[in-house]
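Let's see this in three dimensions:
(chains A and B)
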Amino acid sequence: MTFLIAFLGSCPVTQGEIRFPPPEFESGYTFPQTTSPAPQSVLQEYIDAAVLVVGLLLASHLILKRRSRRAIFVLMIGALLYFGFVRDGCICPIGAIQNVTLTAFDRGYAIPIAAAVFFVVPLIFTLFSGRVFCGAICPLGAIQDAVLIRPVAVPGWLESGLRLFAYAYLGAAVLFAATGSAFIICRYDPFVGFFRLGGNWNVLILGASLLLIGLFVGRPYCRFLCPYGVILRHLSRLSKRRVTITPSECIQCRLCEDACPFGAIREPTGNWPEGEYRIAKRRLALFLVLLPILVAGGGWGGYALKSQLARVHPRVRTAERVYLEEAGQVQGTTNVSDAFRATGQTTEVLYADATRIRGRFALGGALLGGFIGLVAGGKLLVLSIRRRRTEYEADPAGCFACGRCYKSCPKEHGRLKRIRETAAGRA
Amino acid sequence: MDKQEPMNRRNFLREGLWGACLAGAGTAVGLSVARGNSDNMVWQIDPYKCIACGNCATYCVLEDSAVKCVQAYAMCGYCDLCTGYLIPEPKALDTGAENELCPTGAIKRTYVEDPYYEYTIDESLCNGCGKCVKGCTVFGNGSLFLQVRHDRCKNCNECAIAAACPSQAFKRVPADRPYLLKGADNK
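Modelled structure (predicted):
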């Protein structure tokens, strides 16, 4: 046996070579078939898409017409059970961003119809009825919403600052998907491990920490990380209909002030305090000057990080390892370099590939950095602009359409005929 | 928005943007239908790229990996001394655990006729570590190889094993031809 292995091991062989011809049996033995169990039917994906559409229609009705937090909660838990625990949280619209991006950049990639539907349908619903997807259908939102027991307020500047992570996450996810490097949204999906009851430990710990934070800070993933939420925020600013705290007109009773655990209720603004108008004007001018500087600085920073970013691409990692080995700077080989050598490709081809990918990351990194700079500058500008509001209203961008504020409004109780409106109340 | 709002510049811009976004979403649907795949895509291992490194056993999101070893019987040599079945220097040529290469005893060896033995994988025991695949590929015919088994695979949007695969052997294949079987011309 040892001799046999030594003999065979010394032969230069290519993979798949038949060294021992299959025997010709005399006992009537026939080759068994290699079994190949079929994947789940594509019909299942269409069912999921149909459930999504029906769920969103129902959510729009419950949130905008019925205005019932309890009904929304029941629907939300149903969606959590179906899209989360039954369907294992895959595919979701958040991850579908990457499939759509890859379709746009890679001609060879054919997007599954279900992924396209999951990406687009919540966007269309948001244009008509606000973020009903976040409030009642998204399983990632639902699992956080369900654990929120004691919400604490997050100061506006901190909220805006932390939200930069979501924009950066979206930008990075698009960059890595466009270059065919990785689907980072799926890799670091914090709750999919809970839905599947297993997975990578680091990501499970991340999910558990987010749920722990979520006991006190409402929906931390949705507010500070979710890349799809970034898109929905901006679309819901344009939406035809959306959550209104009061069913009729605001009587400025301030009862809803603390009703929103996500800090999405905007107070009425009075006139500018004495002397602050001039300071604000100067601040706005400063930020306007700062904006191009931030964009340029971000772009430069992203460009400078191009080689680090490019390392996410497996081809670049392979090239770097093989280069180090060829140059004699490291001892031994790794699985990666062994696998590369087994393909029989020349190192020139590999290096050329890596150079091309790095070139893409030089442009992509600059764009990503510029985008983050633009968002940061834009946030500073928006924070220093004072909008005139005469009523308490739900911030269209930040409202998750969870329906918690409805019951805080005395007008709502009037609508539900729970209290009788007096002449004073109607005034 | 029941009451008619006056068409000022702000509302005009808003309506315009709204229409543009809806048109954009419509275009995305149209392009996806045109370019997309009405069938699903699933993950599969190219057996000619796979180096049987063992990552399949540990990186799958499932506790028990969706990747299993399969046998292409028509390629198998039916050897008595199977290098996918026995460790390189077995104490005895029998099915004793100390002589088997498979850490979970998932390979069943059955006598066919002198001197041939059939080797079958018990998928309920196989953990996809690829030790037998390495033995078979390096010293034998390479009839044992790893495949994603679609009765188990969750078809994650990004396969966790694919992300950890050193030879980039994972690829997306159409769901109506979900296996890349050796010696079968991708049946």
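
And for A:Cys92, the neighbour number?
27 (other CB atoms under 10 Å in any protein chain shown). Backbone N, C-alpha and C define where each C-beta goes, glycine included.

Tell me, please, the helix or strand in chain B that averages the lowest pLDDT.
Of all the helices and strands that make up chain B, helix B:9-35 has the lowest average by mean pLDDT, DSSP states H and E, namely a mean of 88.

In contact with the spatially most central residue of chain B, which residues?
Of all residues in chain B, the one closest to the mean position by CA atoms, centre = their mean is B:Val148, 2.6 Å from it. With contacts defined as CB atoms under 8 Å, 6 or more residues apart in numbering or on different chains, B:Val148 is in contact with B:42-45, B:66-67, B:170, B:178.

top of those by neighbour count?
Of all the contacts of B:Val148, the most densely surrounded is B:Val67 (29 neighbours; neighbours counted as other CB under 10 Å).

Touching, that residue and B:Cys56? I think so.
Yes - shown here, B:Val67 and B:Cys56 form a contact pair, counting by CB atoms under 8 Å, at 3.8 Å.

Buried residues of the helix or strand encompassing A:Ala296, list them for me.
Counting by DSSP states H and E, the element that carries A:Ala296 is helix A:276-304. Burial within helix A:276-304, assessed by neighbour count using 16 or more other CB atoms under 10 Å in any protein chain shown, is assigned to A:283, A:287, A:290-291, A:294-295, A:297-299, A:301-303.

ditto for stretch A:264-280
When burial is assessed from 16+ other CB under 10 Å, stretch A:264-280 yields the following buried residues: A:264-266.

Nearest to A:Val230 among the buried residues of helix A:276-304?
Within those, the smallest distance to A:Val230 is 16.4 Å, found for A:Gly298 (CB to CB).

does that closest one really touch A:Leu367, like I thought?
No - with contacts counted by CB under 8 Å, A:Gly298 stays clear of A:Leu367, the gap being 9.6 Å.

Please enumerate the helices of the stretch 301-427 of chain A.
A:306-310, A:314-326, A:335-343, A:347-384, A:410-415, A:423-426 (DSSP state H, counting those that start in this stretch).

weakest of those in terms of mean pLDDT?
Across the helices of the stretch 301-427 of chain A, the stretch with the lowest average pLDDT is helix A:423-426; it has a mean of 50.

Spit out the contact partners of A:Pro93.
By CB under 8 Å, 6+ apart, the contact list for A:Pro93 reads A:118-119, A:121-122, A:133, A:138, A:228.

hang on, the earlier thing: let's have the buried residues of stretch A:264-280 in TSV, adding secondary structure, distance to A:Glu45 and pLDDT.
Rendered in TSV, the data for the buried residues of stretch A:264-280 read as follows (DSSP: H, G, I helix; E, B strand; the rest coil; distance: CB to CB, whole Å; pLDDT from 0 to 100):
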residue	secondary structure	distance to A:Glu45	pLDDT
A:Ala264	coil	33	93
A:Ile265	strand	38	93
A:Arg266	strand	40	91
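
could you point out where the chain is predicted with low confidence?
Unless you meant another one, I'm taking chain A. A:1-17, A:421-427 (pLDDT under 70).

To clarify, I was referring to chain B.
B:1-5, B:36-38, B:184-187.

Many thanks, I have nothing further to ask.
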